[in-house]
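In: Whatever this is, show me its structure:
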Amino acid sequence: MEDEEELPFYDQGQDRARKIRAVELGLAAQKFLRSKVGRALVDKAEHEKGVFLEALVEADPDDVTVNRTIRNEIKLRELAVNWVMEIIGTGGLAENEIHEDPQPMPDE
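Out: Numbers count the residues shown, from 1 in each chain. Modelled structure (predicted):
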């Protein structure tokens, strides 16, 4: 199993090895989103989000509990996709930093 000290998508850190791991993970996340499973999960999340948005429009605006529940369901579907996009973004930032300073960085 790989080094589990810190997950590279949370913070690529300053050392070159962590940046490279963040780039690799970002590329893997991009590949996942292009896969059948990745596309299906995104499509399912978007479809369900639409269903909940319709329910929100139809819900009694004075029913705080129902409105909160529906909004939480919408947010849940947004979070899953956002996490993958964050991994991709962090990998892109790490790649830019590697290109800006191609010399090996000292480990922390």
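
In: give me the element Glu24 is part of.
Out: helix 16-34 (DSSP states H and E).

In: in that helix, what counts as buried?
Out: Within helix 16-34, the residues scored as buried using 16 or more other C-beta atoms under 10 Å are 16, 18-23, 25-26, 29-30, 32-33. C-beta: built from backbone N, CA, C; applies to glycine.

In: so where is the chain shaky, pLDDT-wise?
Out: By pLDDT under 70, the weakly predicted segments of the chain are 1-13, 102-108.

In: Out of the buried residues of helix 16-34, which comes closest to Asp101?
Out: Set against Asp101, the nearest of the buried residues of helix 16-34 by C-beta to C-beta is Arg16 (8.8 Å).

In: Quick check: the closest one touching Ile98?
Out: Yes. Assessed by C-beta atoms under 8 Å, Arg16 is found in contact with Ile98 at 6.9 Å.

In: Centroid-wise, who is the farthest residue in the protein?
Out: Relative to the centre of the chain, the most outlying C-alpha is that of Asp62, 33.3 Å out, by C-alpha atoms, centre = their mean.

In: Next up, the contacts around Val57.
Out: With contacts taken as C-beta atoms under 8 Å, 6 or more residues apart in numbering, Val57 has no neighbouring residues.

In: Which strand or helix spans it?
Out: Going by DSSP H and E, Val57 is part of helix 36-58.

In: again with Leu79
Out: Assigned by DSSP H and E, Leu79 falls within helix 64-100.
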